[in-house]
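Asker: structure of the sequence below:
(chains A, B and C)
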Amino acid sequence: MRSSRWLRIVLMAAVSAVLAGCTAASPSGSGASGAGDDAEHASLTYWYWAESDAPGANDWMKGRIAEYQGKHPGVTINLVPQATDTLIGAFTTAAQSKSGPDIATQWATLPVLSQVWGGAVAPISDYVPDSERKNWIGTQENTYQGKVWGMPIYLIGIPLAYNKSLLARAGVTAPPTTFAELLSACAALRRVGVTPIGGGNKDGYFGAWFFSNFGKQNLDAVGDLQQAVIGTTDIKDPRVTGFYEPLHQLHANKCFNDDIASLSLDDGMSKFAGGQAAMAWGTDGIVAKWAKTLGADAIGVVKTPTWGTGKLASVYNTTQSSTAFITSWSAHKKAAAQFLAWLHDPANLTSWYAATGIFPADTRFDQATISSDLGRSLWELTSSPGSVWLENYLPPAVDGDGDLAAGQVITSGGSVADAVAAFAKATQKWRGQNPAEVKNYTTWSGR
Amino acid sequence: MPARAAAWTAALPRQVLLAAIAVICLEPVVFVLMTSLKSPDEYAVNRAGWPARPTLANYVEALADLPTLRWALNSAVVTSGSVLMSLVLAAPAAYAITFGEFHGRSLLLGANVGLIMVPPVALVLPVFVVMVNLGLINNLLSLVILYSCLLVPFSVFFLCNFFRTIPPELAEAGAIDGAGPVQLLWRVVLPLSRPAMLTLAVVNAIWAWNELLIALVFIQNESRRTLMAGLSLLQGRYSTNQPLVLAVASLSMLPVALFYLFSQRSFVRGLTAGIGR
Amino acid sequence: MSSTQVRVRPVAGPRVSGRTAGRHRAWWPYLFVLPAVAALGFGFVLPLLTVLRNSLYAGSVYQLEWVGLHNFSALFADDTFRTALANNLRLLLTVPLMTVLALLVAVVLNDGVRGWRVYRTVTFLPYILPAVGIGVSFSVFLQLNGGLNASLRAAGLGALARDWLGSPHWAIWSVAGVVVWQQLGFGVVLFLAALLSLPGEVTEAARVDGARWWTLQTRIHLPQIRGTIEFFVVTEAITVLSWVFAYVYVLTAGGPAHSSTVMEFYIWENGFAHGNVGLASAAAVVVLALAAILIAVYLRVRVRAANERAA
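Answerer: Numbers count the residues shown, from 1 in each chain, chains lettered A, B, ... in the order given. This is a model prediction of the structure:
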């Protein structure tokens, strides 16, 4: 082997040459076709995510695409549903080479804006007229430097659902509206042997919901969180991360099913659907699904009980959740925008609600199509003014690394201090790893 | 009589040990099969016991309502494609290394042996970017290409080991007929290597069938997933119905298990004699 | 390495190629190895070089900027990575356990116990089953109210029941248990094959000399399959260091609170879930460096094991 050192070099050179040939010859995705930007002649690739929020969303979208292609024979749309786990990472990695999809999906606010800052997004407000956009609900979630960067499809809120007969069995006459009432309802339910709240946090998403439901309650504005995230104020301040205390209290008082740490979010919530748990947090779509098993009359919904004293303590949590946007490298931006705007056609809004039980993010949605009392209470909550979904204001890395993990610390029996420390470390790591994003975040939060 | 008694006292602890190991090896498998035969309602109250009312409903649902068959088909395509490709790539190389003389021969063999154990996780990020550039994300071809590349080192090593056992006289006899290296490989060496090639194909097929990480990253589209990637993502979404998830899990293990029971010799030989993974 | 060279000495090459046509000798082997070399280049060389390069860059993926070795210091300052590394080292502890257990079973099977073929089939079964299928099954089996704890409670051993996957203290050991469960059969079959290939005369001679069972195993049998044992140890060490992604992903997803993460999962999480390409690449370089050490050992051991079998 010693004698053949130079051969190694030759070999490497040969390999590199072959590879260089391979990669150089490669076409660079759908974007580089050079066909010009024509709204009626385009082949669009759409990376799409919604099914986990809104069961039924994939089939609805396939149907819409088929209809659109029928009306616009020059346009073909290739729908690529994405996985929750890799939604951010796959797009970020693809964006490096500027040759991913024409339309992509990310969660509202920071997951979208961090892509905006990276130069991967074309503002949809440049392509869709204001007269159309003014009907969209939730555009403020993705507004930056006066432009709107993505389109909302639907709105979800996360109410606390309760099983009327189980609460009655425990002698609880009214659903809890304050944290103290929630604790005493838990105790009463425990006494009659009913699991008070069904939850699963093996995947960390239960804790992330808890962050949005309780984390905002001591804040006066989202700016309070943003300042702590960039380090101007202390993230360990109880006003910001003190919400791990109520989570800890709920866990310590056995308000959750005992196996919350070894079940996924869906699995934990399903205890409510199975009538084994008296309460559970769920999205509008999930509550709609529960109504099918338990009966719409058997379920009630309330806002998350009040625990904190900040100005945001009493506002509801609504978000468009997933946002569709046009990529900066797409060669068919007009075609993409025309299709996205068409999804807000009133007929499509109606069929969306029928397919998913989730409210479309559009003022033209006909509320008369809501048939049940439960649906009307959900609409009242979800459309209530001033709503904030706090998780949207966390940088994705802090959310994934800190928010999810910190909640697990508690549900696995750890202390509040450990949870807060985990959260604080994730923000620190983000500040060290992503200097450019930190700069943009700072500018954006200072607006 | 005393001899037999002695034999018994010697055999008993051994039987106990082996029986205990066998139970530990089989218990989780039995649990999976049993659970997959329970209705969700029964599983809620009967976690570990035998199913009181065994039902095939979960399997029906797994095959009819979930894309299980589709995933299995994708896995089959990827597996057969990459096994075939890896053999096509490796066989001539192993032949040249064993029977030919060229500069860098031992380097090439050494490189192959060393690369067998390189963890795929270190390779997947850069290749992902290349696949995006080639427009192959969500295309099963991306898996076939990378899998066949990753299978080359072991295949070359395994085939070299086997080719060395071919008596030189046989090759020589062919050479006298005036055959070139291509004909020698095709007409003499490969026919003699049929059992080895089969064993190698089996080992490579298991690897490709079972692979998760790359399949998870390269394929985003639900209907194009391989069985392993699909199954791993079923967990969260359908975890409300665990017997159903376990029915899909059993279906994912079934082909390998059956294959194993019917061709144990190939398996054992492949995984030990070639010392493969 | 040197013995690798010896072993690949062409068996028929010179004679065949010498007689058929001298001109073939020059080019055909290069042509034959070209596809494989291209595949190695595409599958290994290019990605490895890219990872090496990326490990020195950080920041937003759109504006990769040179940061030198900063990623590595950030890596070791990151608690999660330290946990991941520590967990990989914890998993290393399973290797001696697996080895001893597999040897014990193989030796007993080698004694010609009644039904040994059946036992061999059964112990080997877990090894060939897909890790994902196994992981999914165990993630249900090991839930707080899952099959294992239900069995324990039914057997009156409720005190042993744990939240196997939901407790930060137990999660990584549960992963370790599943790894042992699956890999044990490989050791058994490997060792048994080596034991069965030993020449019977030595054993007979030792028996005639009155060697007892224990002496026979430790003095006569095990030394003869030493190469195979070494091979198994190194293979499994590399496996638990860098081939356990599927188990962790399916069983715990690294949780709760990163407590069961491993280096591979860290790479996947940072590279694909958070888009920290530089950090993920640096972690990949660490994995590669550790694997490279073991691979060097493996190269030596593999040759020895192969020689042993050929002897």
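Asker: how far does stretch A:182-199 stretch from one end to the other?
Answerer: 15 Å (Cα to Cα, to the nearest Å).
Asker: off-centre distance for that stretch?
Answerer: For stretch A:182-199, the separation from the chain centroid amounts to 29 Å (computed by Cα atoms, centre = their mean, to the nearest Å).
Asker: so what touches that stretch?
Answerer: Here stretch A:182-199 makes contact (Cβ atoms under 8 Å, 6 or more residues apart in numbering or on different chains) with A:166-167, A:169-172, A:175-176, A:206, A:249-250, A:253-257, A:260, A:263, A:265, A:268-272, A:276-281, A:305, A:411. Bear in mind the C-beta positions are built from the backbone N, C-alpha and C, glycine included.
Asker: quick one: mean pLDDT over it.
Answerer: For stretch A:182-199, mean pLDDT is 96.
Asker: make a PyMOL selection of the buried ones in the contacts of stretch A:182-199.
Answerer: Buried residues within the contacts of stretch A:182-199, by 16 or more other Cβ atoms under 10 Å in any protein chain shown, are selected in PyMOL with:
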select buried, chain A and resi 166+167+170+172+175+176+206+249+250+255+256+257+260+263+265+268+269+270+271+272+277+278+279+280+281+305+411
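Asker: out of the contacts of stretch A:182-199, who's near chain B?
Answerer: When contact is defined as Cβ under 8 Å from any Cβ of the partner chain, those meet chain B at A:263, A:265, A:270.
Asker: beta partners for residue A:362?
Answerer: Beta-bridge partners for residue A:362, by DSSP bridges, are residue A:136.
Asker: now do the contacts for it.
Answerer: So residue A:362 contacts A:135-137, A:344, A:349 (Cβ under 8 Å, 6+ apart).
Asker: show me how to select, in PyMOL, the buried members of these.
Answerer: Here the buried members of the contacts of residue A:362 are turned into a PyMOL selection, burial being counted by 16+ other Cβ under 10 Å:
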select buried, chain A and resi 136+137+344+349
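Asker: with the ones next to chain B among the contacts of stretch A:182-199 in mind, which one is nearest to residue C:155?
Answerer: Looking at these and their distance to residue C:155, the nearest is residue A:263, at 23.8 Å (Cβ to Cβ).
Asker: residues contacting the closest one?
Answerer: A:199-202, A:257, B:239, C:143.
Asker: could you redo the last one with a cut-off of 10 Å?
Answerer: A:198-203, A:206, A:256-257, A:269-271, A:411, B:239-240, C:143-146, C:165-166 (Cβ atoms under 10 Å, 6 or more residues apart in numbering or on different chains).
Asker: so which of those sit within helices?
Answerer: A:206, A:269-271, A:411 (DSSP state H).
Asker: which of the residues you listed sit farthest apart?
Answerer: A:270 and A:411 (16.8 Å).
Asker: give me the subset of the ones in helices among the contacts of residue A:263 touching chain C.
Answerer: residue A:411 (Cβ under 10 Å from any Cβ of the partner chain).
Asker: which of the residues in the helix or strand encompassing residue B:245 are buried?
Answerer: Assigned by DSSP states H and E, residue B:245 belongs to helix B:242-262. Within helix B:242-262, the residues that count as buried by 16+ other Cβ under 10 Å are B:242-253, B:255-257, B:259-260.
Asker: put the alpha carbons of it into CSV.
Answerer: Output of helix B:242-262 as CSV, limited to C-alpha atoms (Å, rounded to 0.1, in the frame of the first residue of the first chain):
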residue,chain,number,x,y,z
GLN,B,242,-52.0,0.6,18.3
PRO,B,243,-53.1,-2.8,17.1
LEU,B,244,-53.4,-1.4,13.6
VAL,B,245,-49.8,0.0,13.8
LEU,B,246,-48.6,-3.4,15.0
ALA,B,247,-50.4,-5.1,12.2
VAL,B,248,-48.5,-3.0,9.7
ALA,B,249,-45.3,-3.7,11.7
SER,B,250,-46.0,-7.5,11.4
LEU,B,251,-46.5,-7.1,7.7
SER,B,252,-43.2,-5.3,7.4
MET,B,253,-41.4,-8.1,9.2
LEU,B,254,-43.3,-11.0,7.6
PRO,B,255,-41.5,-11.1,4.2
VAL,B,256,-38.1,-11.1,5.9
ALA,B,257,-39.1,-13.7,8.5
LEU,B,258,-40.6,-16.0,5.9
PHE,B,259,-37.6,-15.6,3.6
TYR,B,260,-35.4,-16.4,6.5
LEU,B,261,-37.2,-19.5,7.6
PHE,B,262,-37.2,-20.9,4.1
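Asker: pull the distance from that helix to the chain's centre.
Answerer: 14 Å.
Asker: ok, stretch A:123-140 next?
Answerer: Worked out by Cα atoms, centre = their mean, stretch A:123-140 lies 20 Å from the chain centre.
Asker: just name the closest of the ones next to chain B among the contacts of stretch A:182-199 to residue C:139, please.
Answerer: residue A:263 (10.1 Å).
Asker: tell me how far the closest one lies from residue B:242.
Answerer: Here the criterion is Cβ to Cβ, to the nearest Å. By it, residue A:263 lies 10 Å from residue B:242.
Asker: joint contacts of these two?
Answerer: Counting by Cβ under 10 Å, 6+ apart, the residues touching both residue A:263 and residue B:242 are C:143, C:146.
Asker: so the nearest residue to residue C:103 once chain neighbours are set aside: helix, strand or coil?
Answerer: Spatial nearest neighbour of residue C:103, chain neighbours left out: residue C:191 (5.8 Å); criterion: Cβ to Cβ, 6 or more residues apart in numbering or on different chains. At residue C:191 the chain is in helix, as set by DSSP: H, G, I helix; E, B strand; the rest coil.
Asker: count of residues packed around residue C:191?
Answerer: When neighbours are defined as other Cβ atoms under 10 Å in any protein chain shown, residue C:191 has 26 of them.
Asker: ditto for the one 3 residues further on
Answerer: Look at residue C:194: counted by other Cβ under 10 Å, it has 25 neighbours.
Asker: cool, and residue A:363?
Answerer: 12.
Asker: returning to that earlier point: next SSE downstream of the helix holding residue B:245?
Answerer: helix B:264-268.
Asker: cool, thanks, signing off.
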